[in-house]
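Enquirer: Got a predicted structure plus its sequence, pasted below:
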Amino acid sequence: MSRIGKLPVTIPEKVTVEVADSVVRVKGPKGELEQRVLPVVEVKVEGGSVIVERNGETKPHRAAHGLTRTLVANMVEGVSKGFRKSLEIQGVGYRAAKAGNNLNLTLGYSHPVSYVAPDGIAFALEGTTKIHVEGIDKQRVGQVAAEIRDLRPPEPYKGKGIRYEGEIVRKKLGKAGKAGKK
């Protein structure tokens, strides 16, 4: 039995879960999410929880069991609490500003970089060097945060660039110079 898949997902107040034609719909105070589940698993709503059961014991059945349970749990958490990823900008002159729902970034290029917020994603700025990506879909929040980080990933010599909050960048030594040459 899958250790993750066998755990029931508790449904908080103000959240409703519906299952119809292998599609799970979750509605809550922050929004609504929908996910198609694989035919090798069965999702049931019993009492105040969601239970995921698999139809067989093959490897794809076992893999889909834990995955489906985690996807449903993330949907329930997303519509009730939401998800947030934080990014830090480091470097002289590197900064971020909000323009409506979009993000304008100055990252040391010869031009400013503009990032358009996709549907369901909101940006919050803390000063000019901290960006918070917020939304109800965990996968989309992580994807947007990764795309913003890829605009200027941290470089290994000075550490300048965009990094996740708490990310540790291992720095390399620069040139050794002429020490030891005769």
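Expert: Okay, I see it.

Enquirer: which element is Leu71 on?
Expert: helix 59-80 (DSSP states H and E).

Enquirer: who's in contact with that helix?
Expert: With contacts defined as CB atoms under 8 Å, 6 or more residues apart in numbering, helix 59-80 is touched by 2-5, 7, 9, 11-12, 14-15, 17, 24, 26-33, 35, 37-38, 40-41, 43, 50, 52-55, 83, 135-139. The way it works is simple: take the backbone N, C-alpha and C, and place the C-beta from them, glycine included.

Enquirer: Now with 7 Å, please.
Expert: With contact meaning CB atoms under 7 Å, 6 or more residues apart in numbering, helix 59-80 is reached by 2, 4-5, 7, 9, 11-12, 15, 24, 26-33, 35, 37-38, 40-41, 43, 50, 52, 54-55, 136-138.

Enquirer: Which secondary structure elements does the helix or strand that it is followed by sit against?
Expert: Using DSSP H and E, the helix or strand that follows helix 59-80 in sequence is strand 83-90. Strand 83-90 sits against strand 130-135, helix 138-150, strand 161-164, with contacts defined as 3 or more CB pairs under 7 Å, 6 or more residues apart in numbering; DSSP states H and E.

Enquirer: hmm, try it at 10 Å
Expert: strand 95-99, strand 121-126, strand 130-135, helix 138-150, strand 161-164 (3 or more CB pairs under 10 Å, 6 or more residues apart in numbering; DSSP states H and E).

Enquirer: pLDDT of the fourth one, averaged?
Expert: This predicted structure assigns helix 138-150 an average pLDDT of 97.
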